[in-house]
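1. Give me the fold of what follows.
(chains A and B)
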Number of protein chains: 2
Amino acid sequence: MQEALASWRPAIDETIVEWLPQEIDAAYLEDFFGEPRFEYDTKGVQSALSDPIWDLLERGGKRWRAVLFLVFIEAFGEDPEAYLPYAIIPEILHNGTIIVDDVEDGATMRRGEPALHRVHGEDVALNAGNAMYFLPLKILTHNPANLSEETRLRAYDMLMYELNRTHLGQGMDICWHNESAVRISTQQYLEMSACKTGCLGRIVAQLAAIVAEQPAEIESAVATYAEQTSIAFQIGDDILDVENSLGRAGDFGKEFGNDIREGKKTLLVLHAIETADSDRATRLEEILATDENTDADISEALQILEDAGSIDYARECALELAEQARGEIHGIEDELESEAVEKLLSFTEFVVERDV
Amino acid sequence: MQEALASWRPAIDETIVEWLPQEIDAAYLEDFFGEPRFEYDTKGVQSALSDPIWDLLERGGKRWRAVLFLVFIEAFGEDPEAYLPYAIIPEILHNGTIIVDDVEDGATMRRGEPALHRVHGEDVALNAGNAMYFLPLKILTHNPANLSEETRLRAYDMLMYELNRTHLGQGMDICWHNESAVRISTQQYLEMSACKTGCLGRIVAQLAAIVAEQPAEIESAVATYAEQTSIAFQIGDDILDVENSLGRAGDFGKEFGNDIREGKKTLLVLHAIETADSDRATRLEEILATDENTDADISEALQILEDAGSIDYARECALELAEQARGEIHGIEDELESEAVEKLLSFTEFVVERDV
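-> As a prediction, the model looks like this:
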C-alpha cells in the first residue's frame, strides 16, 4: 500500500489541479461554473476559493482515499487511469470536512501550520470548506469516463445517503463534546465513528464499485470493508494518543494526553467509565469535564484507562473490525484481481499496527 | 401571490415535519438515515439537528420558495399536492444558507432573535446548517411522486450545478467585504447576486420544471425568470435600506443606514463610486472602510448615493430585471396555465414595489 501511495500521488495531484486550478482564470470559471450572466470576479474567486483550498492541499495529506479508490478500480479489473477524476471526489470532500471541523472544534493548528480559518478568516475558510462539499460532486455532471445514466444516478443516490450520515455523525460528536456528563455507550461511539469517519471510507469504496459497474453484493462488501477499516483506523488514533502518553508526563516538556485534555469521549474513555469501579469512573468524568487540568490529573486519567483494561479493549475492538474487514474481502476475492486483494488486506493491518 | 402564500403554508410546514420531525426517534433515524451499524444516539441527534433547525423554522419566514415551486407546478398543469416533498427542498436549502451565512458574517440577530450560533453554539449551528444542504437532497433518493430515472438524474445534475454557483457567489461577496478598497463593477455585483441569490431561485423553478417533465426551453425560461426576479428582490432590499434611512438620522434613536454601517458594497454604492466626482467617491469609500462612523458620516454617505442618482439607477435596474423576467413568462405563456401565469407576473411587481 505504501508503494501505491507514493506512485499515484503525482497523478492524483495533477487531476486535482485540472478540476480546481491553483490559478483561476475566466476560461476556467466559464467552463466549470457555466457562462457568467454578467461578469465574474476572477480575483475574488482566487482568494475566496483557490487560495485557501490549495493552502490546505499543499500542506500534505497522504491522499490515501484517492489511492484506495484506485486500488479498488484495479481490484475490479479496470484501468485506474481512466477513473482518476472520480478518485479525487472523496479526497476533496475529506479536505472540506477538515476545514469545517476545524472551525467547529475551534482547532488552532492543522498539518503543522495554523488552521485554515486562522490564516484566511473564518468566513473564507468556511465557505471554501463548504464549496469543497459541492465542487467534487460537480465532477459527476461532467461525466468523465462516459458513464451510463443508470451508473451516474446510482452514484448520486449513494453520495446523498452517505453525506447525510456524515453530518449525523458530526452532530453526535459535537453534542457529546458540549455535554459535561458522559452518558453514551461504546456502541453509540462506534455508530458516531461509522457515520463521521466510516461514511467517507464507504464513499471511496462504493464510488469505485459503481463507476466500475460492479453488482450490488460487491458494492456492499467493499463498503463494509472500508467502513470497518476506517473505524479501526480512528480507534488506532485514540489508542496511540494514550499509549504515547503513558508514563511520559513532562518528557522534554512535550504535551501528552491531548485527547484527555480536550475532554474527548473516546472508545477507551467510554469503556473505562462502563467498567471501572464507580469512584474511579467518576474521577475520570471529572477530569474530562475540567478545562484546566494539571499534568498529574492527566496522568491519573491515563492510569485509570490502563487499569480498566481500556487500551486492550480498544485494541481488541480495532483488531476485530480489521478482521471483519478482511473477511468482507475474502468473501468476494474470487471476483477481484489478486494483486489488489493483497493491498486491500495489508491496508487493514497497517491501520492497527502503526506507530504514528 | 399573497393568497397562495397563506393558503399553502400549513401543508408546507406539515411536509417539512414529515421529512424532518421536531421530535427525533429511532424509527425516524432508521427510516431516513438507514439502519444503524451499532446504535444511534437519538437524544444527540435531537439537540444537534432537530432543535436548531426547528428553532429557525419556527421563527417564521414566508416559505415563498416552496410556494413559488407549487405555483410553477400549477402553471405546468400538474397537481401541486403530489409534489409537496420537492417544494421543501429549496426551502430547507435556503434556511441552511441563512445559518451558515450568519456565522460567516458574524451576524448577531436573525428574525428578531439571536442568530442561531449564538443560541446553540457555533459548532452545532454550523453542522445543522451544513446538514440542511444535504437533508433536502436526500428527498430525491426516496423518490416521492415516483419520478423516472431520467428525471431524477436531471434533477441531481441541475442541483449540483446551481449549488456550486451559490458558493461562488458567497465567496465573491465575502472577499469583497474583507477588502477595504472598492475595486468591483456593477456588473460583477450583479453576477455575485445572480450566484448567491439567483441560484436558489433557479433551483425553485428548474426543480418544478424537471419533476413536471417540462422541455428544456421551458426549464430555461422559468430559471431565468426566477434568477432575474431574485436579483431584483435583492436590489429592492438594498434600495429600501437607503430610502428608509434618508433624512432619518436620529429618528427615535432608530438605527439607520445599516448597509453603509456594515460597509456593504451594494449596487447603489458601486454605481455612486463609478459615477460621482472623484472627491465624493473617495469620501464614500472612506466611510465604507471605517468601522466606527458617526451618524453624520452615515448621512453624508446616503447623500452621496442620492446625489449620484444611485437610488434611481438601482430602481431602473431592478425594474428592468423584473420586466425581463415577465418577458420570459410571456414568451412561454401559451404553454402555461393562465391563472398561475398571473401569479408569476404579479410576483415580479411585488419585489420592486414593496415598502418592507
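
2. hang on, A:Ile218 packs against A:Ile332?
-> Yes - A:Ile218 lies in contact with A:Ile332 (Cβ atoms under 8 Å); the separation is 5.7 Å. (Each C-beta comes from the backbone N, C-alpha and C, glycine too.)

3. So if I had to pick from these two, which one is more boxed in?
-> Between A:Ile218 and A:Ile332, A:Ile218 has the larger neighbour count (other Cβ atoms under 10 Å in any protein chain shown), namely 22 against 18.

4. For that one, give me its contacts.
-> A:Phe76, A:Ala209, A:Ile332, A:Glu335 (Cβ atoms under 8 Å, 6 or more residues apart in numbering or on different chains).

5. Give the closest residue to the closest residue to chain B within the stretch 1-150 of chain A in space, chain neighbours not counted.
-> In the stretch 1-150 of chain A, the residue that lies nearest chain B is A:Ala48 (3.1 Å; Cβ to the nearest Cβ). Leaving out its chain neighbours, the residue that sits closest to A:Ala48 by Cβ to Cβ, 6 or more residues apart in numbering or on different chains is B:Gly171, at 3.1 Å.

6. residues in contact with the one you found?
-> Each residue near B:Gly171 by Cβ under 8 Å, 6+ apart is listed here: A:Gly44, A:Val45, A:Ala48, A:Leu49, A:Val124, A:Asn127, A:Ala128, A:Ala131.

7. If we use 7 Å, what do you get?
-> A:Gly44, A:Val45, A:Ala48, A:Leu49, A:Asn127, A:Ala131 (Cβ atoms under 7 Å, 6 or more residues apart in numbering or on different chains).

8. Please convert the buried members of those residues into PyMOL selection syntax.
-> In PyMOL, a selection of the buried entries from the contacts of B:Gly171 looks like this (16 or more other Cβ atoms under 10 Å in any protein chain shown):
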select buried, chain A and resi 44+45+48+49+127+131
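
9. In a markdown table: the contacts of B:Gly171, plus secondary structure.
-> Listed next are the contacts of B:Gly171 as a markdown table, based on DSSP: H, G, I helix; E, B strand; the rest coil:
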| residue | secondary structure |
| --- | --- |
| A:Gly44 | helix |
| A:Val45 | helix |
| A:Ala48 | helix |
| A:Leu49 | helix |
| A:Asn127 | helix |
| A:Ala131 | helix |
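
10. so which of the contacts of B:Gly171 comes closest to A:Leu20?
-> Closest approach between the contacts of B:Gly171 and A:Leu20, by Cβ to Cβ: A:Leu49, at 8.0 Å.

11. Please tell me I have it right and that closest one contacts A:Ala128.
-> Yes - using Cβ atoms under 7 Å, A:Leu49 is in contact with A:Ala128, at 5.6 Å.

12. mind listing what A:Val71 touches?
-> So A:Val71 contacts A:Ala4, A:Ala340, A:Lys343, A:Leu344 (Cβ under 7 Å, 6+ apart).

13. wait, I meant A:Leu190
-> Going by Cβ under 7 Å, 6+ apart, A:Leu190 touches A:Ile231, B:Phe38.

14. what does the stretch 1-150 of chain A put close to chain B?
-> Residues of the stretch 1-150 of chain A lying close to chain B by Cβ under 7 Å from any Cβ of the partner chain are A:33-34, A:36-41, A:44-45, A:47-49, A:100, A:103-104, A:121, A:123-124, A:126-127, A:130-131, A:133-135, A:137-138, A:140-141, A:149-150.

15. ok, of the residues you listed, which come out buried?
-> Buried subset of the residues of the stretch 1-150 of chain A next to chain B (neighbour count, 16+ other Cβ under 10 Å): A:33, A:36-41, A:44-45, A:47-49, A:100, A:103-104, A:121, A:123-124, A:126-127, A:130-131, A:133-135, A:137-138, A:140-141.

16. Closest to chain B out of the contacts of A:Val71?
-> For the contacts of A:Val71, the nearest to chain B is A:Leu344 (19.9 Å; Cβ to the nearest Cβ).

17. centre of the chain versus the strand or helix carrying the closest one, how much separation?
-> For A:Leu344, the host element (DSSP states H and E) is helix A:338-353. The chain centroid and the centroid of helix A:338-353 are separated by 18 Å, computed with Cα atoms, centre = their mean, to the nearest Å.

18. Nearest to chain B within the stretch 101-250 of chain A, name that residue for me.
-> Going by Cβ to the nearest Cβ, chain B is nearest to A:Gly171 of the stretch 101-250 of chain A, at 3.1 Å.

19. so what pLDDT did that residue get?
-> Looking at A:Gly171, its pLDDT is 97.
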